[in-house]
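J.: Could you look at this predicted model? Sequence included:
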Amino acid sequence: MAVLTSLAAGGGVDVFSDELNHASVVDGIRLALRAPADHAGGGGGGTEPPVVKPVVVGGGAPRASRLHVYRHNDMAHLEALLTSARASAEPHRRSLVVTDSLFSMDGDFAELTALAALRRKHGFLLVLDEAHATGVCGDAGAGAAAAAGVRAAVDVSVGTLSKALGSHGGFVCCSRDMKAFLVNKWVRKP
């Protein structure tokens, strides 16, 4: 939830979510869309996530973040939503796609190869919930993105340690730049 809030809070973000995402992902998105820009008192670091940096034209502030739900694993529908959002958006809006890698209720996988291709084409941030794939998919249990060979296309992987690993807590895997953004977004200024 904190990852999604950090990436989408403060407005100016189009969040795209698979309709069958786990309830925890849906709750994270709902909280992120309601969070004010200074949800944690501001941050010690930058105010924009790495990879996709918005350009604010004319000093205007970003508008509210918006949620777009695409049909389950329907990459054509996702692409249509991405294209439509881009065509109607202000130049400073960012796009964020969030999906489970392995859907727990149906047991099917996200179209990870197609998502990686869409990410290259549209330049969105990709957040992957690997909770149900960690420990059971990929080489040494590294998850569905590793199994599909698209780990490098995923900006943030999140998950829990309480499923296949039988422990407590969770994890966030990302680049150093993304880590610095996420940590600084939640650090209160003195």
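T.: That came through fine. Numbering: from 1, shown residues only.

J.: mind listing the helices in this structure by residue range?
T.: Per DSSP state H, the chain carries helices over the ranges 2-8, 23-34, 75-88, 112-122, 144-148, 176-185.

J.: Give me the most central residue, this protein.
T.: Val127 (3.0 Å; Cα atoms, centre = their mean).

J.: what does stretch 101-121 contact?
T.: Residues outside stretch 101-121 that contact it (Cβ atoms under 8 Å, 6 or more residues apart in numbering): 18, 20-22, 72-73, 75, 78-79, 82, 97, 99-100, 124, 126, 128-133, 137, 143-145, 148-150, 153. From N, CA and C alone the C-beta is placed, and that goes for glycine too.

J.: Of these, keep whichever come out buried.
T.: Among the contacts of stretch 101-121, the ones that count as buried by 16 or more other Cβ atoms under 10 Å are 18, 20-22, 72-73, 75, 78-79, 82, 97, 99-100, 124, 126, 128-133, 137, 143-145, 148, 150, 153.

J.: Tell me which residues touch His122, please.
T.: Counted by Cβ under 8 Å, 6+ apart, His122 has contacts 79, 82-83, 86, 95.

J.: Kindly recompute the last result at 7 Å.
T.: Residues near His122 by Cβ atoms under 7 Å, 6 or more residues apart in numbering: 82, 95.

J.: Let me know the pLDDT of Pro102.
T.: Careful, residue 102 is Leu and not Pro. On the pLDDT scale, Leu102 is placed at 93.

J.: just the one 4 residues further on next, same as before
T.: At Asp106 the predicted local confidence, pLDDT, stands at 86.

J.: From Asn21, how far off is it?
T.: In this view, Asp106 and Asn21 are 12 Å apart by Cβ to Cβ, to the nearest Å.

J.: What of His132?
T.: For His132, the distance to Asn21 - Cβ to Cβ - is 11 Å.
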